[in-house]
Structures are given as C-alpha cells and as structure tokens.
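**Student:** sequence first, predicted coordinates after that:
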Amino acid sequence: MTDYVLAIDQGTTSTRAIVFDKTGSIVSTGQMEHEQIFPKAGWVEHNAAEIWKNTREVIGLALSRADITRHSIAAVGITNQRETAVVWDKNTGEPVYNAIVWQDTRTQSIVDRLADGDGERYKAIVGLPLATYFSGTKITWILENVEGARERAEAGDLIFGTTDTWVLWNLTGGPEGGVHATDVTNASRTMFMDLETLEWRDDILADFGVPRSMLPEIRSSSEVYGTVESSSLLREVPVAGILGDQQAATFGQAAFEAGESKNTYGTGNFLIFNTGEEIVHSRNGLLTTLGYKLGDAKPHYALEGSIAVTGSLVQWLRDNLGIIRTSDEIETLAATVDDNGGAYFVPAFSGLFAPYWRADARGALVGLTRFVNKGHIARAALEATAFQTREVLDAVNADSGVDLTELKVDGGMTVNDKLMQFQADILGVPVVRPVVAETTALGAAYAAGLATGFWKNLGELSANWQEDARWEPNLDDASRERQLRNWKKAVTKTFDWVDDDVE
C-alpha cells in the first residue's frame, strides 16, 4: 500500500528527506548538515560527493523513523538550492570541482565581461540581470579555471546540473544510465533558458562559452523522470517531481493562482508572487522566473524578490563571532533589550540582491554607540530580515499594482515569534504561518504526488492548507516610517565598497 510520498530537500546548509502522508502532514524526517567551504573571501563551496552521500543516509533515516519501506512510497520529489552549480564527469560520476554555491561572488569579473556595460542585456529573454548569483557564470568559471575542464566538456565528457539534477542523476543510476534532467524552475535560474520557449538559448550559451552538451534536458515540474536505481532503499520508486526550493515553497503554500504569494525565511529570504500564465518583467528590481509547470499544462510564471542573507546572518553570529552558541538563542538574546539601540545591520555579505542588485556592496553594522551591546546586535540582525523583506514587498506591490493584504510565511526562522511580530509591524499587514511550515519539501512532495495520482488535483492540495499562527501589526505609522528611513540610510553605507583591485 503506497500511503506516503517522500521529498528530498537538498538545501544550502543541509539535506533532508521528509515523508508526507495524504493530508500533507509530516510523518518522519532525516536530516544531515554538510560542510560550508570558504576558500577565499566571497567564495562559497560545497562538496557534491558529500551531499550525495548525505542524501542516501537521510533517505534511510526517514524510512526507518517512519518504520516503512519503499513499498509504502508512491513517489519521490526533489527540491533544491537553485543556483548552486555542479560539473561532473558523466562516465565516472566524479565532480571536477566543488559545487559553487549561489552565494559565491567570485565570478564578478565574468559578469562584468559579459555585461560590457549592460547588466540587463539578457533580461528580456531570461528574466534575470547578469549577476554572480545565477549558475551560468559559475559553469564558465569552472571551464576557464579547472585544468582540462574545457577540453573534457567539449569532448562531451562533462555535464552540468544544479543540485536537483545531481541528486536525480545519481538516484536513477549515475554513470549507469542516470537521468540527466532538470525542471523549468531550476532551468530558469541559469541565465540560459528562454522564458517563452522554455528551451536553452544557443546564442547565450555561446556568449558564456558553455557547450550545450553539458546541459540537462528541461522537463516539467511534475512528471515521472525515471525510477530509483536497484541498489537504493527506494529502488523502483518513481521520481516524479522537481521544483527549485522557493518555487517548491510557493507550491507547498498552495499559492497556485495569479496574485498569490509567499515569503520563505531560510539561509536567505525569497518572496514569490504568482503572475499566472503571464510573463511580467519587473521595473523595480525583482526577477522574472518560472513558478511551476505541471506536465503538459501551460507554465505559471512569477516575480521574485531574492534576499541573499537572512538566516545565514544568525549562523554568522554563531559560528564567526560566537555571540550565541545555537541559532535559537538569537531570540532570547534579542529579548534582553527593548529595541535595536539605534544599531542597523545590513548583511550584504554577497553584495545586495533585490531590489538593489549592487555587487559592490558589503556588510555594515552602523549607528553604533557605547550604549549598544550584544543584545542590540542580535536584535538588529533579526530586524535586518524584516527590513529587507519590506523593501522586496514594496517592489512587488509596485510591479503588480495591487498591495498585498497579508503575507504567508514559511521556513525555519518563522518559529521566531519576536521576528514574526516585528515583520508584521514593519510591513503594516498581518503575517500568517501554516501548520506545516516545511513547505519547501511539501511542495516537492505535492508535485511528485500529482504526477503519480497520489493526489488528484490542486483543489485537494489547497484543502490541506491550514493556518497555524497569525501576527497582527501593532506599531504606529510614525515609528514604522522612522525605522524604515534609518534602515534605508544604513543600506546606502554599504554601497561602493568593492574597488576594482579588490578580489
């Protein structure tokens, strides 16, 4: 009896396998963190082999904790950190270099070279500005900097994938017939996919110097791509759903129709606004991206506000400064003070993403006086997440012409009541969290379950959504505007930090 769907959530800091039942409730979870590798300032890498090893282990953990076998699993869905690039040898399965993570900024010189003064030269086609964020320039960097990589790629031996493709390829056989594919949402984050045709653009690939033979096949977000290979605990189970993490969270929030949205609080923050079957090009610093595509149905598009550093700022305070010992201590420390003491923390560690797109920015903690203590810094770190979200929401409202009346939220940081209350206060609208806050994995499970008939339609999924908590704004307008004014002033202090001679 196939009573469950298993989702693999390959994230920035960890890999999880989560078993869901018919109601969309979590039955069991397996999770393992992987190493964050920082070879130089601005460089962020992962060991792709470690990620695949952890994937196998968390599948076993999730199955054992649920006390089930593969026979109870109807389908497997995959969701992933979207722009992180892996290049590997298709004959051996060995990566030629560490995975280059979406936060990595080493490719700025390649971005500048390709832009040639016009950072939006491809935006009308792919929906994205030229930026180090996306995976395209990461492939170019590997081909230009790893010895022998270009020759092997041009010979057809090297292939590329974001981590969904890496997991899918290994899960379905690896060198022994593994499926080399991705879905439209992940393809839309490479800078290579035409938003209208949903196909790779040979002219852009030529500009980047990337052989087309390296690229995976673009498929829908919900279809059977293949079955799990015979040595796995999930052998013969169909792999039937792929969604990039933020699109998966939107799907898991049941935001299926135009005008619906969500904001995910994770390593970074990502607000997605569904524009339905219409491609909307932002005039306010947002990205145009794919929302989802179910089988042969028409694709749904979205506007996205991407924020590079939110939850990872808490990790930085823990790991780099030692201000806290565990991430959840941030709320307790922030509660020791009544306000931020005049301190504002702009975590532009990878430059600024939406709505500014300033690669020359770097992090700044401003407004410091002798009065400020570590409680104020903890509070300023949490507030930075809320301020950045407010700026992205303002851009969504300007592009859509319709002000959002509430914000659906999900992700790990939403358990922080102080942050969620401040988020409602600084937005001036209610913030709503669902019962199942792990909506990223849930969205991947939904996509896989739809493809295999485990769930019949979107209406059945919408019926699963339930409100868990709601925070109403209680900050007066004058205080809100004063804090926003100071935040925007703080943001300007991060600009123009990186000079031409700074690596």
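**Tutor:** Structure received.
**Student:** for burial, what's the neighbour tally of residue 460?
**Tutor:** 15 (other Cβ atoms under 10 Å). Glycine gets a C-beta too; all of them are placed from N, C-alpha and C.
**Student:** ok, now how distant is it from residue 195?
**Tutor:** Using Cβ to Cβ, to the nearest Å, residue 460 is found at 29 Å from residue 195.
**Student:** work out for me the element residue 381 sits within.
**Tutor:** Using DSSP states H and E, residue 381 sits within helix 374-400.
**Student:** which neighbouring elements make contact with that helix?
**Tutor:** Applying 3 or more Cβ pairs under 8 Å, 6 or more residues apart in numbering; DSSP states H and E, one finds that helix 374-400 makes contact with strand 261-265, strand 269-276, strand 300-307, helix 311-316, helix 329-334, strand 344-346, helix 417-427, helix 477-492.
**Student:** what does the fourth one rub up against?
**Tutor:** The set of residues external to helix 311-316 that reach it, using Cβ atoms under 8 Å, 6 or more residues apart in numbering, is 12-13, 103, 265-268, 309, 324, 327, 330, 345, 347, 349, 381-382, 384-385, 411-413.
**Student:** for stretch 433-452, what is the average pLDDT?
**Tutor:** Confidence over stretch 433-452, taken as the mean pLDDT, stands at 93.
**Student:** circling back to that earlier point, dump the helices and strands packed on helix 374-400 to a markdown table, plus mean pLDDT and mean neighbour count.
**Tutor:** Formatted as a markdown table, the helices and strands packed on helix 374-400 follow (pLDDT from 0 to 100; neighbours: other Cβ atoms under 10 Å):
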| stretch | mean pLDDT | mean neighbour count |
| --- | --- | --- |
| strand 261-265 | 89 | 27 |
| strand 269-276 | 90 | 25 |
| strand 300-307 | 92 | 26 |
| helix 311-316 | 90 | 21 |
| helix 329-334 | 91 | 19 |
| strand 344-346 | 96 | 24 |
| helix 417-427 | 93 | 21 |
| helix 477-492 | 95 | 14 |
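**Student:** among the ones you listed, which is nearest residue 466?
**Tutor:** Nearest of the helices and strands packed on helix 374-400 to residue 466, taken as Cβ to Cβ: strand 261-265 at 14.8 Å.
**Student:** mind giving me the packing neighbours of the closest one?
**Tutor:** On a contact count with 3+ Cβ pairs under 8 Å, 6+ apart, strand 261-265 meets helix 245-252, strand 269-276, helix 374-400, strand 407-410, helix 439-452.
**Student:** average pLDDT for the helix holding residue 381?
**Tutor:** Here the average pLDDT along helix 374-400 is 93.
**Student:** by how many degrees do it and strand 269-276 diverge?
**Tutor:** Going by axes from the mean of the first three to the mean of the last three Cα atoms, to 10 degrees, helix 374-400 is angled at 20 degrees with respect to strand 269-276.
**Student:** any low-confidence regions in this protein?
**Tutor:** Judged by pLDDT under 70, the chain has its weakly predicted residues at 1, 500-503.
**Student:** mind running it again at 50?
**Tutor:** Within the chain, no stretch has pLDDT under 50.
**Student:** got the angle for the helix holding residue 381 vs strand 300-307?
**Tutor:** Going by the same axes, to 10 degrees, helix 374-400 makes 150 degrees with strand 300-307.
**Student:** buried residues, helix 374-400. List them.
**Tutor:** Under the neighbour-count criterion of 16 or more other Cβ atoms under 10 Å, helix 374-400 has 375-396, 399-400 buried.
**Student:** what's the answer for stretch 427-440, then?
**Tutor:** Quick answer for stretch 427-440 (16+ other Cβ under 10 Å): 427, 429, 431-434, 436-440.
**Student:** any chance of the residues you listed in TSV with distance to residue 132 as columns?
**Tutor:** Shown next, in TSV, are the buried residues of stretch 427-440 (distance: Cβ to Cβ, whole Å):
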residue	distance to residue 132
427	29
429	32
431	31
432	33
433	32
434	33
436	33
437	30
438	29
439	27
440	23
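**Student:** against residue 168, how distant is the nearest residue to residue 387 once chain neighbours are set aside?
**Tutor:** Excluding the flanking residues, the one nearest residue 387 by Cβ to Cβ, 6 or more residues apart in numbering is residue 487, at 4.4 Å. Separation of residue 487 from residue 168 (Cβ to Cβ): 41 Å.
**Student:** the stretch 151-300 of the chain: helices as residue ranges?
**Tutor:** 163-171, 184-187, 202-208, 245-252 (DSSP state H, counting those that start in this stretch).
**Student:** out of these, deepest packed?
**Tutor:** Most buried of the helices of the stretch 151-300 of the chain, by mean neighbour count (mean count of other Cβ atoms under 10 Å): helix 245-252, with a mean of 32.
**Student:** other SSEs contacting it?
**Tutor:** Secondary-structure packing of helix 245-252 (3+ Cβ pairs under 8 Å, 6+ apart): strand 73-80, strand 261-265, strand 269-276, strand 287-292, strand 300-307, helix 439-452.
**Student:** which among these is found nearest to residue 41?
**Tutor:** When the helices and strands packed on helix 245-252 are compared (using Cβ to Cβ), the closest one is strand 300-307, at 20.6 Å.
**Student:** and for this protein, the residue most distant from the center?
**Tutor:** residue 370 (37.7 Å; Cα atoms, centre = their mean).
**Student:** against residue 483, how distant is it?
**Tutor:** The value you get for residue 370 to residue 483, if Cβ to Cβ is used, is 22 Å.
**Student:** also residue 128?
**Tutor:** For residue 128, the distance to residue 483 equals 31 Å [Cβ to Cβ].
**Student:** can you put the helices and strands packed on helix 245-252 in CSV and add distance to residue 202?
**Tutor:** Below are the helices and strands packed on helix 245-252 laid out as CSV (distance: least, Cβ to Cβ, whole Å):
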stretch, distance to residue 202
strand 73-80, 26
strand 261-265, 33
strand 269-276, 27
strand 287-292, 20
strand 300-307, 23
helix 439-452, 29
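**Student:** for these, which one sits closest to residue 422?
**Tutor:** Proximity to residue 422 (Cβ to Cβ) singles out strand 261-265 among the helices and strands packed on helix 245-252, at 12.3 Å.
**Student:** for residue 114, find the nearest of the helices and strands packed on helix 245-252.
**Tutor:** Nearest of these to residue 114, taken as Cβ to Cβ: strand 287-292 at 17.3 Å.
**Student:** elements contacting the closest one?
**Tutor:** Using 3+ Cβ pairs under 8 Å, 6+ apart: strand 287-292 touches helix 184-187, helix 245-252, strand 269-276, strand 300-307.
**Student:** adding distance to residue 419, write those out as JSON lines.
**Tutor:** Shown next, in JSON lines, are these (distance: least, Cβ to Cβ, whole Å):
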{"stretch": "helix 184-187", "distance to residue 419": "27"}
{"stretch": "helix 245-252", "distance to residue 419": "17"}
{"stretch": "strand 269-276", "distance to residue 419": "11"}
{"stretch": "strand 300-307", "distance to residue 419": "14"}
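**Student:** between these, which gets nearest to residue 53?
**Tutor:** The nearest among those, by Cβ to Cβ, is helix 245-252 at 20.4 Å.
**Student:** that closest one versus strand 261-265: what angle between them?
**Tutor:** Going by the same axes, to 10 degrees, helix 245-252 makes 130 degrees with strand 261-265.
**Student:** 582 is where my numbering starts, stick with that
**Tutor:** Sure, I'll start numbering at 582, so the last one becomes helix 826-833.
**Student:** still on that earlier bit, now the helices of the stretch 732-881 of the chain as a markdown table including distance to residue 624?
**Tutor:** A markdown table is the format used below for those (distance: least, Cβ to Cβ, whole Å):
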| stretch | distance to residue 624 |
| --- | --- |
| helix 744-752 | 18 |
| helix 765-768 | 22 |
| helix 783-789 | 20 |
| helix 826-833 | 22 |
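**Student:** what about residue 835, distance to residue 1043?
**Tutor:** Using Cβ to Cβ, we find residue 835 at a distance of 5 Å from residue 1043.
**Student:** no wait, residue 632
**Tutor:** 33 Å.
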